[in-house]
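Undergrad: everything below, folded, please.
(chains A, B, C and D)
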2 protein chains.
Amino acid sequence: MATRTPRIYDVARSARVSIATVSRVANGTARVYERTEARVRRAMERLGYRPHALARGLATRRSHTLGLLITDILDPYFAEIVRGAQERAESAGYVVLLGDASVHTSAEDLLVKRLLERRVDGLIVASSRTTDAYAAQLASEDIPVVCINGPLGQFAHAVQIDHRKGARLAVEHLASLGHTRIAHITGAVGVPTRQERLAGYRAALKDLGLSYDPSLVIAGVTSIADSHDAVAGLLGLAAAPTAIFAFNDRWAIGAYAAVRDAGLRIPADVSVVGFDDLEMDEWVQPALTSVRQPRREMGRIAADVLLAVLAGESASELVVVEPSLVIRGSTGTRRAHADRH
Amino acid sequence: MATRTPRIYDVARSARVSIATVSRVANGTARVYERTEARVRRAMERLGYRPHALARGLATRRSHTLGLLITDILDPYFAEIVRGAQERAESAGYVVLLGDASVHTSAEDLLVKRLLERRVDGLIVASSRTTDAYAAQLASEDIPVVCINGPLGQFAHAVQIDHRKGARLAVEHLASLGHTRIAHITGAVGVPTRQERLAGYRAALKDLGLSYDPSLVIAGVTSIADSHDAVAGLLGLAAAPTAIFAFNDRWAIGAYAAVRDAGLRIPADVSVVGFDDLEMDEWVQPALTSVRQPRREMGRIAADVLLAVLAGESASELVVVEPSLVIRGSTGTRRAHADRH
DNA sequence: CTGTTAGCGCGTTCAG
DNA sequence: CTGAACGCGCTAACAG
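TA: As a prediction, the model looks like this:
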C-alpha cells in the first residue's frame, strides 16, 4: 500500500468535514464543536497527518524560520549562540536556518541571499565579519534583524556584552596581582568588538595609574598560530610583559604554547587571561582564567527579541549583557624577580 | 516607496513576457530566445528578484532541504559533521536543517516530526542515540535516510568509520610501547558504536597475546566527569592499568584530570589515547594521542550519498572510512617500575 | 459552528 | 519559442 503522506484533504474526507475545519482544529484558529474536533483529531491520528510547512508558509506569508548568520560553527563561541537561539526558537515553534560563512567560498551576501530566498521571517546576525557596508545592506532588507556583538548603531536591535567592562575586569584582576606590564592581543581587524575591548583595556590601565605601552598591543591576529607568534614576539621584548590579556580563549591557548616554547611557566612567569569562558578552559593546563560571556543566553535573547518583533510587540533596541571574571589557574601574583632583563 | 519584494509576476510584467518564460530562464528549464532571455534577466536584476523557495518547493515537491539529526552541536564531533554536510549541500543548492536533540526537552521523535513537517527531502542521522526501534521508525518514513556511525544494517545507506580498526590502532600502539595492562573507557550504553570499538579492543589484545581483563573495561560513562571518576577508580586498583584507551577525546580529558589528581604524570606513569582527533588535542598538555576520524569528510559523504539518491542515481549502501592514529605526547614507553603495588 | 472559495508564488502541461 | 491555465497544500475571509 503505497499510501502517500496524507494531505489536509485526506483528513477532511476521512473525518467527513471540510478542509477548513481541519485547518481550524490544527491551528486552534476558531471554535469547533467538541465532537467534530474529536473526529478530526482521530482522523489526523489515524492517517498520521503532518501539516505541510511549505504550503502553510505560502498561505500565511510566514515561514516560521529564523536565519542565523555565523562565522564558523566549529568555533564554540558560535556554537553556543546557535544553541541558545535554537532553544528559544524551538519553544515558539520556529526553526533556525544556519548561514555559516565559512561554508561558502564565495562572498557573504550569497549566504544572505540563500536565507532570504528561504523567506526567513527574521535574521540574527552574529557573524563577526559584518562590515558597516554589509550591515547597511542587511538592514535595508525588509525583515527584522537583531545583531549579536556587532557594530553599534547599525541595526535596529542588538544584544551585546559589555566589552569594556569585560576588558576592565581582566586588567583589574591582573593589576591586583601586581602586574604592571599587561599585554593585549586584540581581535582581528574588522571585528567590530575589538575597539570596545581595547578601549576598556586602555581605560582600566589609566584608572589604575598604569601607563599604556603601544608595543604591548598586538593587532591583526586571526588564528591560534598567529597568537602564538605574536606572544613569542612579546616575550622576546627587552621589557617583556608579565601578563597577557587575550581577545579570546583560543588565542589565549596560542599564548600558552608560546610561553612554553620560551621556557617559561604559567602563571609563575606569565599570567594569561582569555575571553569567552569556553568549556575547554577547565581542562587545559593550567586552567584558563577568562572573562565569561553568557553566549547561550545571548543567543536566546536575540531570538527572543526577534520573535517579539515578529509578534508585533515592542522590543528593546539594545540589550547589554554583563560579563564576569572566572578566575582559574592561569593567573598568579607577579614575582619580584619576574622582570627578566 | 514601500515596494514589496517582487514576485515572478512583477518580473514578467516588467519584461513584457509571461511568468512561464521568467520561470524558464530562472531555471534553465527550456530554450528561450536570447533577446527575451536578456530582457528577463535585466528585469530580474532591476527588481532584485529572489525566487520564493517555499512556493517553488510547493510546486516542485522538493524543498531542497536536507535534515541533519545530531546529538549536540556543542560537541565538536558533531559540529564537524555539520560542516561537511553543509559544504556538500551548499554546492548543490541545498540547505541543511539541524535537528539538535539536546535542544529539545521532549522526546526525540518530536525533532523528526519538525523536520518532516518542513518536508526535508532527505535525512542524515548522525545522532548517537538512535535506538533500533527509533531507527526502524525513521526508515519507515518515505524519504531517503543515510546514517553516520549508527547501528549497522538499520538504514538503507550508511557511512561509518572502521571502528574496529580504530580501536586496534590504539591498542597496537600502546602495546608497542610496552604496555600490557590497557584499560578501555567505553561509550555510553546505547551508543551503537561502542560494541564495535570494544570488539576491536578485544580482538587486538588477543592478537597481541595480551589477556583481556574485564575489570579494566569501564562502561556507562556519559560525561567528562564520569570519565574522571572511572579512571580514578582504575588507578586505585591493585593492578592498575598503565595505559588508557578512551572512547573519545572528551573522556580522555577526563582521564587527564584523574591521573593528575592521583599524583601521576602523563605519559611517564600513564599513557592515554583518545578517539576523534579534536582540535583541542593539540593544545592540551601533553598533546593527546588520538585515533583520527575524518568527521567533516564523513558529513560530506553522507550528504553526497543523499543527494545521489535524490537525483535518482544509484548510491553505495555502505561507505567505510579509514581511521588513522595521530601520535602526540600523551603516550610513551612503559617504565619498568611503572607497576605501582 | 461549518463549508465554499479565492488566493499565496511558482512550475508545468498543453496549445499555439 | 511563448503564453494561458491548472495545481501544489494550506489559510483566510465570507457566507450560511
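Undergrad: going by C-alpha atoms from here, please, whenever you check contacts or count neighbours.
TA: Fine.
Undergrad: how about the nearest residue to A:His64, chain neighbours excluded?
TA: A:Tyr94 (4.9 Å; CA to CA, 6 or more residues apart in numbering or on different chains).
Undergrad: count of neighbours near the one you found?
TA: A:Tyr94: 19 surrounding residues under other CA atoms under 10 Å in any protein chain shown.
Undergrad: now for it: which residues touch it?
TA: Counting by CA atoms under 8 Å, 6 or more residues apart in numbering or on different chains, A:Tyr94 touches A:64-66.
Undergrad: for those residues, which one is nearest DNA strand D?
TA: A:His64 (11.8 Å; CA to the nearest atom of the strand).
Undergrad: pLDDT value on A:Asp106, please?
TA: No Asp there; residue A:106 is Ser. pLDDT, A:Ser106: 62.
Undergrad: pull up the gap between the residue nearest to A:His64 and A:Leu307, please.
TA: A:Tyr94 sits 9 Å away from A:Leu307, going by CA to CA, to the nearest Å.
Undergrad: A:Gly84 now?
TA: A:Gly84 is 14 Å from A:Leu307, by CA to CA.
Undergrad: surely A:Gly73 touches B:Arg83?
TA: Actually, residue A:73 is Ile rather than Gly. Yes - counting by CA atoms under 8 Å, A:Ile73 does reach B:Arg83; the two are 7.2 Å apart.
Undergrad: out of these two, which sits in the busier spot?
TA: Per other CA under 10 Å, whichever of A:Ile73 and B:Arg83 has more neighbours is A:Ile73, with 25 against 22.
Undergrad: which SS class is the more buried one?
TA: Classification of A:Ile73 using DSSP: H, G, I helix; E, B strand; the rest coil returns coil.
Undergrad: excluding residues flanking it in the chain, which one is nearest it?
TA: Once flanking residues are discounted, A:Ile73 sits nearest to A:Ala79: 5.4 Å by CA to CA, 6+ apart.
Undergrad: A:Gln86 now?
TA: Nearest residue to A:Gln86, sequence neighbours excluded (CA to CA, 6+ apart): A:Val96, at 6.2 Å.
Undergrad: now for A:Thr331: which residues touch it?
TA: By CA under 8 Å, 6+ apart, A:Thr331 lies in contact with A:174, A:266-267, A:270-273, A:288-289.
Undergrad: before we move on, back to that, got the angle between the helix or strand harbouring the residue nearest to A:Gln86 and strand B:95-100?
TA: Assigned by DSSP states H and E, A:Val96 belongs to strand A:95-100. Following axes from the mean of the first three to the mean of the last three CA atoms, to 10 degrees, one obtains 120 degrees for the angle between strand A:95-100 and strand B:95-100.
Undergrad: and the residue of the stretch 201-341 of chain A found nearest chain B, helix, strand or coil?
TA: In the stretch 201-341 of chain A, no residue comes nearer to chain B than A:Val284, which is 5.3 Å away by CA to the nearest CA. Counting by three-state DSSP, the backbone at A:Val284 sits in coil.
Undergrad: how many residues are close by the residue lying closest to A:Leu264 once chain neighbours are set aside?
TA: Take A:Leu264 and drop its neighbours on the chain: the residue closest to it by CA to CA, 6+ apart is A:Val270, 7.4 Å away. Using other CA under 10 Å, A:Val270 is surrounded by 26 other residues.
Undergrad: quick one, phi/psi of A:Val270?
TA: The phi/psi pair for A:Val270 (degrees, to the nearest 10) reads phi -140, psi 130.
Undergrad: right, and it touches A:Phe245 too?
TA: No - contact criterion CA under 8 Å: A:Val270 and A:Phe245 do not qualify, at 10.7 Å.
Undergrad: isn't the residue of the stretch 201-341 of chain A closest to chain B up against B:Pro286?
TA: No - assessed by CA under 8 Å, A:Val284 is found out of contact with B:Pro286, at 9.5 Å.
Undergrad: picking up where we left off before, show which residues not belonging to the helix or strand following the strand holding A:Val96 make contact with it.
TA: As assigned by DSSP H and E, the chain's next helix or strand after strand A:95-100 is helix A:108-117. For helix A:108-117, contacts defined as CA under 8 Å, 6+ apart pick out A:67, A:69, A:97, A:99-101, A:104, B:50-53.
Undergrad: low-confidence ranges in the stretch 51-200 of chain A?
TA: Across the stretch 51-200 of chain A, the ranges flagged by pLDDT under 70 are A:105-108, A:130-133.
Undergrad: hmm, 80 instead?
TA: For the stretch 51-200 of chain A, the stretches with pLDDT under 80 are A:104-109, A:128-140, A:152-153, A:188-192.
Undergrad: what residues does it put near chain B?
TA: Contact residues (CA under 8 Å from any CA of the partner chain) of the stretch 51-200 of chain A with chain B: A:51-55, A:57-58, A:63, A:73-74, A:76, A:79-80, A:83, A:86-87, A:90, A:96-98, A:103-104, A:113, A:116-119.
Undergrad: domain ranges for chain A, per the record?
TA: Following automatic domain parsing, chain A resolves into domains at A:8-60, A:65-161+A:295-321, A:163-293+A:326-337.
Undergrad: what count of nearby residues applies to A:Thr29?
TA: 10.
Undergrad: next one: phi and psi at it?
TA: Dihedral pair for A:Thr29: phi -80, psi -30, per degrees, to the nearest 10.
Undergrad: which residue would be the closest one in the stretch 201-341 of chain A to DNA strand C?
TA: Closest residue of the stretch 201-341 of chain A to DNA strand C, CA to the nearest atom of the strand: A:Leu310 (17.4 Å).
Undergrad: which parts of the strand or helix carrying A:Leu174 are buried?
TA: Element membership for A:Leu174 (DSSP H and E) is helix A:163-176. By 16 or more other CA atoms under 10 Å in any protein chain shown, the buried positions in helix A:163-176 come out as A:163-175.
Undergrad: tell me the one of those residues nearest chain B?
TA: Out of these, the member with the shortest distance to chain B (by CA to the nearest CA) is A:Ala170, at 22.4 Å.
Undergrad: got phi/psi on A:Ile185?
TA: Taking degrees, to the nearest 10 as the convention, A:Ile185 sits at phi -90, psi 110.
Undergrad: who touches it in this structure?
TA: By CA under 8 Å, 6+ apart, A:Ile185 lies in contact with A:217-219, A:221, A:227, A:230, A:244-247, A:251.
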